[in-house]
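Visitor: could you look at this predicted model? Sequence included:
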Amino acid sequence: MFDPIPQKPIKTIPSSIYWPPVVGVIFLFLICAACIHHQDPWEEITDLGLKAYEQQEFSQARQHFQHALALAQQAPEESYKLAMSQYHVGRTFRGMGNEEAAIEAFHKTIQLLQRNPTAYLSDLASTYNTLATLYQKRAEWDKAEAMWQQALRLFDAQEGSLLATILTNMGNLAREQGQLAKAQGLLSRAHSIQQAMVSPNPEILGTTLNNLGELFLAQGKFSEANQYFQQALFSFKQVPRFQDPQATVLNNIGNLYHIQQQYDLAESFYKQALAIRNQQVLTNPASMALIHQNLGSLYHEQGRLNLANEHFQHAVSLTQSQEIVLPRQQITLKNNLAEFHQSLGHDALAQTLYTEALESAYQTLPPEHPLIATILSNLAGLRQKQGQLIQAKLLYEQALILREKSLGLHHPKVGLTLNNLATVLHVQGAHEQAAQLYERAILISSSTSGSSHQDVRHYEKNYDNLRNHVENAADVHSIYSQSSDDSSSPRP
């Protein structure tokens, strides 16, 4: 947002004026030196602040920016300098974790830039975008949406990198809220804009491609997700300094293989992401915690419990050391820790962690967010393990409703929830209903993951167990007839 100041031209001396040779040369040198080294005090102080900010020395940066703000206030007619100073002060407060002060500064920036919105269109849109991302981080979804809508109104039919950035961020917000169709429309529009550009910004393009990959991964469309992740990785590699975004994409590719239970590949990509972030001098502890958390879950699923515990403890330590951690990440970590302790037989601790995670999710996430369904499903599994089948059934049913709404009827996690609910119904003696759910689960999983996938084999085994428990052959025939003719069962 802050344009570099072009070097001012050196003034020439008319040839008609006679200068004594030595005096003339010295005087000319002094004039030239003054021209070269002269810099507006506001610009000089702002540059110092920007350098400190880049090094994440936020207290020092704030002092410089507030000094620059004081200088700008001496000439209130220069609203642009006032606006930029407020903007930089806001960014510094955000870096220090003082979100309220940052929001106030960004709103002041907008008020100043609105004095001449045509001249400052890009800066105004960028400030709306920055403020929206801050509201998104605070889980204030409506305010974030409103800020991005304000930014979009500034552009009308204009296209460009900033518009693509705003659309990408809006798409990411919609994805986090579980509004997958809306997210796909926004991200696809952002991608189309950049495809039409001769030289798209590789960082913005990479971010859009990565977010599209995350979207398709959330939908269970693994092939499409992998294609976008690979393109994002290629885009970020065009500029060597984009190391941290590369780590983000590598972690997402790890998630892609993790979900498909290709554990060796998942571990390899997680470790590549972790290696990049370990090499960085300035690394966000929350981003490190995320990878440790994913490795912990991976090792837990493999039964490598010592390694799982080690990485979970790293994630907890890093999260506690960071003042600013996204609510979603904290909730996910608690959920994963609960799963881990449940597998060790620490049911009381697992229940406490699930309950805390669920309470936080209801407070900070949209009511139909997929993460809420995940916690409900896991808590249902704990209740089922404890023999509390009525509670388990209710929790699975809540999880199923949320997943069908947020992920669609054919998502692999919908299939998983159908299978889990069927196991409860099987034990309760509701054989006909259980059979219908098993059939739906097998159809969904085989269509998304292939008939040889481990989940499909697991669901088929459960279905076989049900049939073996049905004593009357006529009852078995009745079950088959009704489940195969059930028009409400989704067809992939």
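Guide: Thanks, I have the structure now.
Visitor: rest of the way, CA atoms for contacts and neighbours
Guide: Will do.
Visitor: which residues of the protein score low on pLDDT?
Guide: In the predicted model of the chain, residues 1-39, 76-77, 155-159, 178, 281-284, 321-326, 471-492 satisfy pLDDT under 70.
Visitor: domain ranges for it?
Guide: 1-158, 408-492 (automatic domain parsing).
Visitor: possible to save these as TSV with distance to Ala286 and mean neighbour count?
Guide: What follows is the domains of the chain, written out as TSV (distance: least, Cα to Cα, whole Å; neighbours: other Cα atoms under 10 Å):
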stretch	distance to Ala286	mean neighbour count
domain 1-158	13	17
domain 408-492	26	18
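Visitor: what sits against the residue nearest to Asn201 when sequence neighbours are not counted?
Guide: Nearest residue to Asn201 in three dimensions, chain neighbours excluded: Ser161, at 6.8 Å (Cα to Cα, 6 or more residues apart in numbering). Residues in contact with Ser161, defined by Cα atoms under 8 Å, 6 or more residues apart in numbering, are Gln194, Pro200, Asn201, Ile204.
Visitor: swap the cut-off to 10 Å and go again
Guide: Applying Cα atoms under 10 Å, 6 or more residues apart in numbering, we find Ser161 in contact with Leu167, Ala190, Ile193, Gln194, Met197, Ser199, Pro200, Asn201, Ile204, Leu205.
Visitor: taking those one by one, which sit in helices?
Guide: Leu167, Ala190, Ile193, Gln194, Ile204, Leu205 (DSSP state H).
Visitor: now those in JSON lines, with neighbour count and distance to Gln330?
Guide: Shown next, in JSON lines, are those (neighbours: other Cα atoms under 10 Å; distance: Cα to Cα, whole Å):
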{"residue": "Leu167", "neighbour count": "27", "distance to Gln330": "26"}
{"residue": "Ala190", "neighbour count": "28", "distance to Gln330": "30"}
{"residue": "Ile193", "neighbour count": "18", "distance to Gln330": "35"}
{"residue": "Gln194", "neighbour count": "23", "distance to Gln330": "34"}
{"residue": "Ile204", "neighbour count": "21", "distance to Gln330": "27"}
{"residue": "Leu205", "neighbour count": "24", "distance to Gln330": "28"}
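Visitor: tell me the contacts of the residue nearest to the spatial centre of the chain?
Guide: By Cα atoms, centre = their mean, the chain has its centre lying nearest to Asn172, at 6.8 Å. Counting by Cα under 10 Å, 6+ apart, Asn172 makes contact with 136, 166, 178-180, 182-184, 186-187, 208, 211-212, 214-215.
Visitor: redo that, cut-off 8 Å
Guide: Contacts here follow Cα under 8 Å, 6+ apart; on that basis Asn172 touches Ala183, Leu187, Asn211.
Visitor: still on that earlier bit, could you dump the domains of the chain into a markdown table with distance to Ser297 added?
Guide: Below are those laid out as a markdown table (distance: least, Cα to Cα, whole Å):
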| stretch | distance to Ser297 |
| --- | --- |
| domain 1-158 | 24 |
| domain 408-492 | 17 |
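Visitor: closest to Glu359 out of those domains?
Guide: Minimum separation from Glu359 across the domains of the chain (Cα to Cα) falls at domain 1-158, 14.6 Å.
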